[in-house]
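# The sequence and its predicted three-dimensional model are supplied below.
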Amino acid sequence: MARKLPFFLLEADNTVMKKTILGIMAGLLLFAAAAVASPQQDHVEIRVAITDFVHAQLADLPGKITVKTGKIDRRIVLAACPALEPFTPPGGRLLGNTTMGVRCVSGSSWTLFVPVQVKVNADLLVAIRPLQQGQVLRAEDIAIQNGDLFHPGILTDPAEAVGKVLKFGVGPGQALRREMLRMPYAVTQGQTVQIQAAGRGYRIQYEGQALNNAAEGHDLRVRTSSGQVISGLAQADGSVAVQP
């Protein structure tokens, strides 16, 4: 037969239970109040900061810039930050499908990485026929075609290409990049050149043999008739200017 507890013990147990429940409820209310009291960083502000940063970084590029930032998980809760600093992660890039970082540099300390798609639509220079290595580009070799500027080195102005020499062959329709081209050589290796040295009250000119290829204004090493090797800058007329 179950033993009945005295009434005053039942009252005591109920009082303890009520106090426990009230304590838990008070804790939950305090936690909720603290959450309300601590402002949270608006995800929209982060995405806007990234967009503005990318536009500023690519302001010198021609064409229309489109930036699409990926959605930030709603479960990510960050302290409100008065100073957001977007940045490109080490080894990152600003074009195509990439990732941008944002860190708080005032009032709090956190860093977030957000997927971003960046497109630049512009008029690009493309080859209209197969072009060979060493070929000097002419205006009739290239055309302007609208497309995505997927690489910052892609050329958009014909003046940047015409008269330059291809370092390697390209196919028709291929976009031309700055690193594909070089200036034509003013002096070629083995060529006999006029060495010019001038100073206050004198001017010397003698011959030597070029030891390397060089475009105008680039370094050129020359061996003189005495066997001495000197360095100077290649000139447009095929001579080399040497500082005394």
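Noted; the coordinates are in hand. Note that the structure is a prediction, hence the values are computed from the model and not measured. Numbers count the residues shown, from 1 in each chain.

# any idea of the mean pLDDT for the biggest strand by length in the chain?
Looking across the chain with DSSP state E, the single longest strand is strand 111-127. On average, the pLDDT along strand 111-127 is 96.

# Could you export it as CSV, keeping only the C-alpha atoms?
Only the C-alpha atoms of strand 111-127 are listed here, as CSV (Å, rounded to 0.1, in the frame of the first residue of the first chain):
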residue,chain,number,x,y,z
THR,A,111,35.4,37.9,-41.2
LEU,A,112,32.9,36.5,-43.7
PHE,A,113,33.5,35.0,-47.2
VAL,A,114,30.8,35.4,-49.8
PRO,A,115,30.5,33.8,-53.3
VAL,A,116,30.3,36.4,-56.0
GLN,A,117,29.9,36.4,-59.8
VAL,A,118,31.4,39.4,-61.6
LYS,A,119,30.9,40.0,-65.3
VAL,A,120,32.1,42.9,-67.5
ASN,A,121,30.5,43.2,-70.9
ALA,A,122,32.6,45.2,-73.3
ASP,A,123,33.8,45.5,-76.9
LEU,A,124,36.8,43.2,-77.3
LEU,A,125,39.5,42.9,-79.9
VAL,A,126,39.5,39.5,-81.6
ALA,A,127,41.5,37.9,-84.5
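
# which of the residues in the helix or strand that it is followed by are buried?
Sequence order places strand 142-148 as the next helix or strand after strand 111-127, per DSSP states H and E. By 16 or more other C-beta atoms under 10 Å, the buried positions in strand 142-148 come out as 142-143, 148. C-beta coordinates here come from the backbone N, C-alpha and C atoms, glycine included.

# how close does residue 95 get to residue 234?
35 Å (C-beta to C-beta, to the nearest Å).

# Could you check which of the two has the larger neighbour count?
residue 234 (25 against 19; other C-beta atoms under 10 Å).

# Show me the beta-bridge partners of the closest residue to the more buried one other than its chain neighbours.
Excluding its sequence neighbours, the residue lying closest to residue 234 (C-beta to C-beta, 6 or more residues apart in numbering) is residue 214, at 3.9 Å. Residue 214 forms beta bridges with residue 187, as assigned by DSSP bridges.

# For residue 214, which residues are in contact?
Contacts for residue 214 (C-beta atoms under 8 Å, 6 or more residues apart in numbering) come out as 185-187, 220, 234.

# Could you turn the buried ones of the residues you listed into a PyMOL selection?
Selection of buried members from the contacts of residue 214 for PyMOL, criterion 16+ other C-beta under 10 Å:
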select buried, resi 185+186+187+220+234
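
# need the contacts of residue 214 in a markdown table with distance to residue 58 and pLDDT, can you?
Below are the contacts of residue 214 laid out as a markdown table (distance: C-beta to C-beta, whole Å; pLDDT from 0 to 100):
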| residue | distance to residue 58 | pLDDT |
| --- | --- | --- |
| 185 | 34 | 94 |
| 186 | 35 | 93 |
| 187 | 38 | 94 |
| 220 | 37 | 95 |
| 234 | 35 | 95 |
